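**Q** this is a predicted model, with the sequence first.
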Amino acid sequence: MHLTKNDNLDDHQLVEGCLRGDSNMQKLLFDTYCRKLFTVCRRYSRDDLEAEDVMQEGFVLVFKKLDTYSFKGSLYSWMRTIMVNVALRKLQKKSRRDTVYNLDEVHEPMFEEDHIANLSAEEILKHVQKLPDGYRNVFNLYVVEGFKHHEIAKKLMIGESTSRSQLTKARRMLQKSLVGLKYVLI
Amino acid sequence: MIEKKLDSIVRKKLNEHESDVPANMWSRIQGDIKNKRKLPIAPILVLFAILSVGAILYVNKDRLDVQTAAVELETGNEKPTDTNSTYENESTGNSSNISTDEPESSSKLNSSDQNENAKIQKQITKSENIAKNYARDSKDNSSKSQSVYNQSHNINKRSISNIKNTESATTKEDNYSIHSASSIENNSISSRETSQKNLASDVTSDKGGKSKNEGTPASAVQNSVMSNSAQDIHDSRAGNNINIEVSNSLTGNANENSRHKSEPILPLNEESASTSEFVRPLSISGGRGLNHGHFVYDPCSVKGGKRKNRLHCYTYVEQEYKVFADFSAGPQYSHKMLELRNNDFQPVLNAREDNESFMFSYNANARIGVKLANGLTGMAGISYDRYNERFDYFNPNEQLPIETIVIVVEGMDSVVNVSIDAIGNHTVKHTNTLSFISIPLTVGYSILGEKVNLGIHGGVAVNLLFAKSGRIVNENGLQTLSGPVKKETFRTNAGLSLMGGIVLEYKIDRELAFFVEPRFNYTLSSLTSKDYPIEQKYVNAGLNFGLRKTLYQKTTHKKKYGIN
């Protein structure tokens, strides 16, 4: 039997089907959430290729750990948490080849609300991807996922102050990038 | 305020956004799901157990077959014993037998006898095959055994032909009786096949009507059978008879025609007696295994000092138990298993899995053990295990606060402390070590062969000392395993672990053996402290090489055999 997204199966049915090893159900679960989850992966990645790897690894983990899903929160939230964890872990590995970030204190940029509001999600996403790994992670976790600084600190194994400062710098860098303003270094 | 507006816009746009997924994404995931397999620890352990049991059964196979065949033979000959006085008389060893001539005996051969004979012949054929297998398995002694086998075979053939030729040549003065040629032939064949199969268990030596039962190895019977022509007749004439009972009186060799001189049989010396397959004692009812003892040459004579009556005697020294010590060492693979106790610490788990990897491990054991005659083994000793792991840490966003003192001179001197954060990557490469000293306590079972012994054992290892050093990542980042961090992370004692192994032992001499031991070990409880959010256990599989020396051996001198 070939199932499609329009078959209106709820999460419970999807999970049970997947746990039975039904490949149609697995495909349906993937089709249902893949687009949203790919956005999550892209947010934490530098480019789309990296995001694809994260998504692939994330979904494998989702199917592997599906038996531990307790239906307490939404299935999407549970899957998104897995994707975020996989992304952070993967990026930590890849970052080993990266460069050292130098001191980068910047002035407060001008904020043009209308300009940013008019930007498409895809454009904003591209700019987020351009942020350095550390900044991007903290920015995503704080702004989009809604974590507190102490939670981020625990998740990324950094100090709370580091989390705060990186968020500040990420915001400034993103504003600079979005509005195209020039900043003056001290 | 501005920040919040920016956050709000970005959050709203990104949360609602859906991206196009590459077309081949699902096939990539599907491929990964099929290929993703856990380390099959449970199947490996099950396989380990099955192989062990299989190996034990395989090594035991021949012995079990022989025992089964022997029991069958016993059963198969019960009827003839009941119905044919020949068997009865021979089993009692008394001279109350009635000599019969051929026509009379021939008349006794009714159809049921023939059926019985056919059955016995069938069993003989089966047993002969088993005997041949035994001979083939015995690498060291195959030539000796085969020559003895051939001699026995030829002589028995000759005996049979002689019996046929002198069917009616019975004498009443002899204690042996011959009821019929066919029955004698049967008996001869029985002796032959029995001696070939090493099924003999008892030698009855009658002196002056008194019966003395002695256990005998097959070759003793075999040799007795070989020499039955000369020896038995001589004894019979002197009023003594030596009845040879094989597997509960299966065989009786009382042959008038056995007067003829048999070919001289070389007596087995101590070495050949103790190593020959045909000299193996096999106690069918006793349940003792093979080679739990050895032969000691003990010259003696049955009667007087006449040379021709002199027997080559052997005492079978049976092992009750022996105490041994061994030392072994070898490499092992240590598979670390980390499991979350608290889901909030997934990042720590991830970091540890990323940072820590297996380098090499090894184990060394010194043990003392006791091996009982029935094969049961108990061992205890001291064991040292060392796990080495590579710790490879990298943090791209390490933040290092730097305090700078700025002296400002504007009219009056003032000092200002400025703190700035330096962000950079931080790399640490280190070798973490975990060391264990434990007391292994195991029980097992050994199957003893001529040169090679096979044993399986299992039990627990009680940890005495657990030392660890190196670096670790926890919720506070990179840490050195010392002081409070070590205390918070690891337990002071590793507790119990399950262990087991298969010992394949090659005897260098009677007291020294080289052995190879595939072994495994599984830590039952986590090595981390109760408050630490991650459980840490190990499964180890290794291969040890070592030497085993017999320190003490308790033996009893039980059986004595006369071999002419």
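**A** Great, that's in hand.

**Q** okay, now the domains of chain A?
**A** Residue ranges for each domain of chain A read A:5-97, A:113-179, as given by automatic domain parsing.

**Q** is chain B within reach of the last one?
**A** Yes. Domain A:113-179 comes into contact with chain B (C-beta under 8 Å from any C-beta of the partner chain), by way of A:113, A:116-117, A:119-122, A:124-125, A:128, A:133-134, A:143-144, A:154-159, A:161-162, A:165-166, A:171, A:174-175. C-beta here means a position set from N, CA and C on the backbone, and glycine is covered the same way.

**Q** before we move on, what about the first one?
**A** Yes. Contact check for domain A:5-97 against chain B, using C-beta under 8 Å from any C-beta: residues in range are A:23, A:26-27, A:30-31, A:34-36, A:38-39, A:42-43, A:52, A:55-57, A:59-60, A:63-64, A:85, A:88-89, A:92-93, A:95-96.

**Q** select only the buried ones of the residues you listed in ChimeraX?
**A** Those of these that count as buried under 16 or more other C-beta atoms under 10 Å in any protein chain shown are selected in ChimeraX with:
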select /A:26,27,30,34,36,38,39,42,43,52,55,56,57,59,60,63,85,88,89,92,95
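
**Q** among the residues of domain A:5-97 next to chain B, which are located in helices?
**A** Among the residues of domain A:5-97 next to chain B, the residues falling in helices (DSSP state H) are A:23, A:26-27, A:30-31, A:34-36, A:38-39, A:42-43, A:52, A:55-57, A:59-60, A:63-64, A:85, A:88-89, A:92-93.

**Q** quick check: closest non-adjacent residue to A:R89.
**A** Distances taken as C-beta to C-beta, 6 or more residues apart in numbering or on different chains put B:N350 closest to A:R89, at 4.5 Å, once the chain neighbours are dropped.

**Q** so what's the residue count around that neighbour?
**A** By the criterion of other C-beta atoms under 10 Å in any protein chain shown, B:N350 has 21 neighbours.

**Q** show me what contacts it?
**A** Neighbouring residues of B:N350 by C-beta atoms under 8 Å, 6 or more residues apart in numbering or on different chains: A:85, A:88-89, A:92.

**Q** now tell me which helix or strand of chain A has the poorest mean pLDDT.
**A** Of all regular secondary-structure elements in chain A, judged by mean pLDDT, DSSP states H and E, the least confident is helix A:113-117 with a mean of 70.

**Q** what are the contacting residues of the very next helix or strand once past it?
**A** Tracing the chain past helix A:113-117, the next element assigned as helix or strand by DSSP states H and E is helix A:121-130. Applying C-beta under 8 Å, 6+ apart, the contact partners of helix A:121-130 are A:39, A:42-43, A:45-47, A:116, A:136, A:139-140, A:174, A:177-178, B:10, B:13-14, B:16-17, B:19.

**Q** change it to 6 Å
**A** For helix A:121-130, contacts defined as C-beta atoms under 6 Å, 6 or more residues apart in numbering or on different chains pick out A:42-43, A:46, A:174, A:177-178, B:10, B:13-14, B:17.

**Q** and these, which is closest to B:G381?
**A** Checking these against B:G381 by C-beta to C-beta gives A:R46 as the nearest, at 56.1 Å.

**Q** nearest residue to the closest one in space, please, no chain neighbours.
**A** Nearest to A:R46 is A:Q129, by C-beta to C-beta, 6+ apart, at 5.7 Å.

**Q** then B:A351?
**A** Using C-beta to C-beta, 6+ apart, the nearest residue to B:A351 is B:V473, at 4.5 Å.

**Q** and for A:D48?
**A** Residue nearest to A:D48 in three dimensions, not counting chain neighbours: A:R42, with 6.4 Å by C-beta to C-beta, 6+ apart.

**Q** quick one on the thing from earlier: and the contacts of helix A:121-130, which two are furthest apart?
**A** Farthest pair in those, by C-beta to C-beta: A:R46 and B:K13, 19.6 Å.

**Q** so where is the stretch 301-450 of chain B shaky, pLDDT-wise?
**A** B:301-318, B:396-423 (pLDDT under 70).

**Q** swap in 90 and give it another go.
**A** B:301-322, B:339-355, B:357, B:371-376, B:392-430, B:446-450 (pLDDT under 90).

**Q** helices along that one, start to end?
**A** B:346-355 (DSSP state H, counting those that start in this stretch).

**Q** which ones are touching A:K27?
**A** Taking C-beta under 6 Å, 6+ apart, one finds nothing in contact with A:K27.

**Q** on the pLDDT front, check it for me.
**A** Looking at A:K27, its pLDDT stands at 87.

**Q** and if you look at the one 5 residues further on?
**A** Each residue has a pLDDT score; the one for A:T32 is 89.

**Q** state the number of residues packed around it.
**A** A:T32: 18 neighbours (other C-beta under 10 Å).

**Q** how close does it get to A:Q26?
**A** 11 Å (C-beta to C-beta, to the nearest Å).

**Q** the domain parsing of chain B - what is it?
**A** Using automatic domain parsing, the domains assigned to chain B come out as B:61-287, B:322-401+B:428-558.

**Q** right, I'll call it a day here.
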